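**Q** predicted model and sequence follow; I will ask about them next.
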Amino acid sequence: KYVRNYVDITADNIRMGDVSMAAYSPDRWVTESANHADGRGSFGRHAQRRVISVAMQAAIAGNEDLRDPSRNFTLLVAPNMPEITDELVTLNTDRGETGYIIVDAPMRKTPTEAVAWVQGNGAAENGDDGLVTKYTYSAVYYPSGRSTTPAGDTVTVPASHMVLYQYVYNDQIAFPWFAPAGLLRGTVRNASTVGYITGEEEFKAISLSQGQRDSMYINKLNPIANFPAEGVVLYGQKSLHQFDSALDRVNVGRLVAYLRERLDDITRP
């Protein structure tokens, strides 16, 4: 972006050799996209994502409308933007932890890369390099899917496109404290297959093997499987809770959030 008066040349003692700074233009083209947390610059699609994510983070942080108790919502998600996870955590905390967060694994990760990504080793912030935030009332899903628009166009969608639908479907036919997974309540209805985007910008359909699903589940990454007979299914409900307890299950975490929200209303009088 072009910034006027980016360089301060008003001080009389600023000189560049023998050339007075008075003739030096203070206006500059500067990088709009912020650097990564480790100081690396962001370029190409990464720069585009930085501009968008920084704007979204600013829109969420300190937003009083989102924190208004009269606004009732229980699910939080920033589709395909794991960079926003910290801000969603802060928002949920400010709202008394009455909601649950759905996190997407990046759309360009292979199954092996996705497991390394959710471990977050070496990552300085949430993003393409890894997931740093491990929040009890959140769950992360992989991979992305293929769906169609109302006009009939085929599009690639993040995992949360499927997951959010299944959470709502689960709540309609059961309750929030039932597991939004498995063949009964986890069969995906708004995507036909799952996969990831390759380095050639093409969608590669995959069917996660038993070993891949096990590796993901151990690392708290919920696999979205594609079975020959049953189709696309949410095949896990691990939360990002860091310890072994009942809270490392999505349905238990959502039950606690539900109780907090209801008890707040019931006990207020």
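**A** Looks like it came in fine.
**Q** what sits against residue 227?
**A** Neighbour list for residue 227: 207, 233 [criterion: CB atoms under 8 Å, 6 or more residues apart in numbering]. For glycine as for every other residue, the C-beta is placed from the backbone atoms N, C-alpha and C.
**Q** quick check: it vs residue 51, distance?
**A** In this view, residue 227 and residue 51 are 39 Å apart by CB to CB, to the nearest Å.
**Q** what is the burial count for the spatially closest residue to residue 5 that is not a sequence neighbour?
**A** Nearest in space to residue 5, with sequence neighbours left out and distances taken as CB to CB, 6 or more residues apart in numbering, is residue 26 at 4.9 Å. Residue 26 has 13 neighbouring residues, counting by other CB atoms under 10 Å.
**Q** pull the contacting residues for residue 26.
**A** 4, 5, 6, 7, 8, 9.
**Q** cool, and residue 239?
**A** Neighbouring residues of residue 239 by CB under 8 Å, 6+ apart: 136, 137, 138, 139, 220, 247, 248, 249, 250, 252, 253.
**Q** most neighbours, which of those residues?
**A** Using other CB under 10 Å as the neighbour criterion, residue 250 leads the contacts of residue 239 with 30 neighbours.
**Q** report the central residue of this protein.
**A** For the chain, the residue nearest the mean C-alpha position is residue 82 (2.9 Å; CA atoms, centre = their mean).
**Q** if I look at that residue, how far off is residue 142?
**A** 11 Å.
**Q** list the residues that contact both of those two?
**A** Shared contacts of residue 82 and residue 142, defined by CB under 8 Å, 6+ apart, are found at residue 105.
**Q** tell me the pLDDT at residue 269?
**A** If you check residue 269, the pLDDT there is 84.
**Q** burial of it, as a residue count?
**A** Neighbourhood size, residue 269 [other CB under 10 Å]: 4.
**Q** surely residue 213 touches residue 235?
**A** Yes - using CB atoms under 8 Å, residue 213 is in contact with residue 235, at 6.2 Å.
**Q** show me the helices in this protein, by range?
**A** For the chain, the helices defined by DSSP state H occupy 45-60, 85-94, 111-119, 159-173, 182-185, 210-218, 250-267.
**Q** nearest to residue 71, of these?
**A** helix 85-94 (11.2 Å; CB to CB).
**Q** what packs against the closest one?
**A** Other helices and strands packing on helix 85-94, by 3 or more CB pairs under 8 Å, 6 or more residues apart in numbering; DSSP states H and E, are helix 45-60, strand 75-77, strand 100-104, strand 138-142.
**Q** which elements pack onto the third one?
**A** Secondary-structure packing of strand 100-104 (3+ CB pairs under 8 Å, 6+ apart): strand 75-77, helix 85-94, strand 138-142, helix 159-173, helix 250-267.
**Q** adjacent strands (with direction) for it?
**A** Using DSSP bridges, strand 100-104 pairs in its sheet with strand 75-77 (parallel), strand 138-142 (parallel).
**Q** which parts of the shortest one are buried?
**A** Using 16 or more other CB atoms under 10 Å as the test for burial, strand 75-77 gives 75, 76, 77.
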